[in-house]
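Novice: coords please:
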Amino acid sequence: MTKNKYIKYCIVGVLAVAVVIGIYTNKHNSQVDVEYTKFLTLVNEKQIEEVQIGNEAKLRFKRIGDDTKYITDNPRTEGLKEKLLLHEIKVSENTGSNMYMLQYFSSMLLFVGLFVFIFKSAKKHGGGSMMSLSAKPVEADTLTQNFSSIAGNIEAKEQVQDVIDFIKEPDKYVKMGARMPKGIILYGPPGTGKTLMAKAIAKEADVAFFSVSGSDFVQLYVGVGAGRVREIFAEARKHKKAVIFIDEIDAIGKKRSHNAANSNDEKDQTLNALLTEMSGFKDDEGIIIIAATNRLDMLDDALLRPGRFDRHIEVGYPDINAREQIIKLYLNNKPVADDVNSTDLAKQTVYFTGAMIENLLNEAAISAARNNIAVITKQDVQVAFYTVIAGKEKKDRSSITHLDRKITAFHEAGHALVTKLVAPDNSVTKVTIIPSTKGAGGFSMNIPKDKMYLTKKEILNQIKICLAGRAAEEIVFGMDNVTTGASNDIEKASEYIKSYIMKYGMDEELGLINLGIIMGQDRVDNQMILEKCSGKIKELYEDTKKIINENHSILSNLAESLLEKETLEESEIASFFQ
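Specialist: Okay, the predicted model is just below:
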């Protein structure tokens with residue numbers, strides 16, 4: 001008999017005993033209660049056959065010729081037993097201990113059985129106990145990603161080459177008195193390839209790869225997270241050499257609050273356990289910790305100091321050359337038509353991450369397969385662009401009124417017009433008024449040039465571009481008829497102006513300060529910031545309306561062309577400005 005079957009039989013047996021006892025107890029408790037005075041009358045009239053007496057609150061008795069069980073109050077008097085015997089009544093004493101012991105024993109068995117059953121079920125379905133992380137490594141020979149799988153990020157790959165060499169040959173570096181970095185922080189926007197980079201490091205170093213998320217350590221109960229940290233490090237040490245990857249480390253590694261009321265004991269204990277484990281590494285130990293985050297500035301200083309996460313490597317947006325390499329990498333196993341040019345596609349995908357490019361080309365492949373085409377064409381890529389940026393094109397447009405189409409046309413024409421006039425280096429590759437399933441009435445594809453920095457003028461011009469759609473609506477249809485279509489534009493403009501004033505130190509009056517640093521995030525004068533941002537936005541909005549009014553004829557021509565064709569490509573847009 002297997003262990004699992006034995007446990008099941010035990011549980012079934014316990015439940016059966018409990019059912020029998022329950023039936024017996026229920027039957028035992030089915031008794032008729034009579035008053036004590038009536039009981040005495042029955043005694044005197046010699047109608048009682050047997051009485052059970054004891055220390056309980058009730059007496060049990062049986063009448064002559066009657067199977068019904070009766071109970072009455074127990075007066076606990078000394079002469080009661082003698083009186084009953086004198087009336088020729090059979091008397092038995094019942095302490096109730098056997099019954100109570102049986103009930104107690106059965107209850108304990110039932111409790112233990114249910115506990116074992118629930119525990120086994122939770123372990124089976126949950127993959128382990130609440131305390132256990134069940135961290136299982138991925139061995140190097142099963143990892144498929146290496147550095148050849150990563151296009152771009154040349155600088156990031158160069159910064160980890162010595163770490164890989166250190167893991168392979170630690171003695172070479174120890175002889176020189178060198179210490180391997182205890183940890184590496186990979187930071188950058190989502191989708192830029194931080195997880196892919198960590199896997200590639202493990203593959204290149206030919207070591208086991210442990211992967212966990214910071215949220216795996218965050219638990220309600222104090223001590224669970226710290227226990228899980230110790231568990232994964234203990235597992236890694238069994239392999240002698242390994243890469244431990246902690247994604248979203250900001251879940252446990254945020255700056256700790258100096259205010260006791262805002263502190264979190266569980267997160268603090270988990271972070272302390274992580275710091276302690278990292279400090280316990282030997283110099284020649286071939287274990288490296290790699291963490292990933294989107295917000296390096298949010299991490300606790302104790303994590304980032306030398307001896308903990310020594311290296312901070314940015315995995316940022318790919319530049320045009322990196323994007324072209326990524327595109328070629330993802331097109332490598334796809335049939336592609338001659339009209340799909342990776343160089344042109346790289347120019348159109350400014351601010352696309354590697355994950356976004358992969359998604360774009362995957363959507364293009366799906367479009368080609370859906371249309372039963374043997375290769376991915378330029379048209380498939382264009383359809384994919386629309387899908388990724390705005391959602392699927394809405395097929396049924398019968399409910400869209402002519403006025404709605406006209407408002408959308410002037411809104412998108414406003415964006416295109418102001419972009420061409422204030423940011424001539426940007427490429428306006430497409431403007432459309434075709435609505436999408438995500439609720440967008442249309443969009444303008446405004447592609448900036450690849451640059452390391454944004455100038456003050458460029459930020460202000462970008463805000464004007466954001467405001468241009470709403471400005472065009474007001475100029476053409478009146479202030480009372482502006483629509484909700486500019487909500488996303490206003491959100492972007494608000495982000496720009498907030499950074500312009502609070503972060504970049506570009507406001508003339510406030511000067512070269514970061515308000516969050518100077519005043520503290522919790523003590524920033526929000527009213528002052530609101531007034532500053534609102535005032536600057538109003539000023540830029542008036543400038544935007546002035547630009548549109550001065551070029552009203554171009555705006556109208558663009559809008560009319562959009563109403564006729566629904567979509568304008570880059571060459572068609574450029575023709576209005578010649």
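Novice: C-alpha only now, for contacts and for neighbours.
Specialist: Fine.
Novice: ranges for the helices of the stretch 451-578 of the chain?
Specialist: 456-477, 487-498, 515-519, 526-550, 552-565, 570-575 (DSSP state H, counting those that start in this stretch).
Novice: my bad, should have said the stretch 201-350 of the chain
Specialist: Going by DSSP H, counting those that start in this stretch, the stretch 201-350 of the chain shows helices at 224-238, 250-253, 265-279, 301-304, 320-331, 342-348.
Novice: who wins for proximity to Thr144 among the helices of the stretch 451-578 of the chain?
Specialist: Distance to Thr144, taken as CA to CA, is lowest for helix 487-498 among those, at 38.9 Å.
Novice: what's the distance between the residue nearest the centre of the chain and Val51?
Specialist: Computing the C-alpha centroid of the chain and ranking residues by CA atoms, centre = their mean puts Ser215 first, at 8.1 Å. Ser215 is 68 Å from Val51, where distance means CA to CA, to the nearest Å.
Novice: And for Asp206?
Specialist: Taken as CA to CA, the span from Asp206 to Val51 is 85 Å.
Novice: same check, this time on Ser279
Specialist: From Ser279 to Val51 the distance is 78 Å (CA to CA).
Novice: likewise Ser148?
Specialist: 93 Å.
Novice: picking up where we left off before, JSON lines for the helices of the stretch 451-578 of the chain, including mean pLDDT and mean neighbour count?
Specialist: JSON lines is the format used below for the helices of the stretch 451-578 of the chain (pLDDT from 0 to 100; neighbours: other CA atoms under 10 Å):
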{"stretch": "helix 456-477", "mean pLDDT": "96", "mean neighbour count": "22"}
{"stretch": "helix 487-498", "mean pLDDT": "94", "mean neighbour count": "16"}
{"stretch": "helix 515-519", "mean pLDDT": "74", "mean neighbour count": "13"}
{"stretch": "helix 526-550", "mean pLDDT": "93", "mean neighbour count": "15"}
{"stretch": "helix 552-565", "mean pLDDT": "95", "mean neighbour count": "18"}
{"stretch": "helix 570-575", "mean pLDDT": "91", "mean neighbour count": "14"}
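Novice: Check the residue lying closest to Lys62 once chain neighbours are set aside and give its pLDDT.
Specialist: In space, and not counting its chain neighbours, Lys62 is closest to Glu50: 5.2 Å by CA to CA, 6 or more residues apart in numbering. Note on Glu50: pLDDT of 87.
Novice: Could you do Arg523 as well?
Specialist: 59.
Novice: same thing with Ser367?
Specialist: For Ser367, pLDDT reads 90.
Novice: From Lys378, how far off is it?
Specialist: From Ser367 to Lys378 the distance is 11 Å (CA to CA).
Novice: pLDDT below threshold where in the stretch 201-350 of the chain?
Specialist: 219-223, 257-266, 280-285 (pLDDT under 70).
Novice: what do you get if the cut-off is 50, keeping everything else the same?
Specialist: 220 (pLDDT under 50).
Novice: And for the stretch 1-150 of the chain?
Specialist: For the stretch 1-150 of the chain (pLDDT under 50), the answer is 27, 97, 122-123, 125-131.
Novice: thinking again about what came up before, next secondary structure after the host helix or strand of the residue nearest to Lys62?
Specialist: Element membership for Glu50 (DSSP states H and E) is strand 48-53. Of the helices and strands lying after strand 48-53 in sequence (DSSP H and E), the nearest is strand 58-63.
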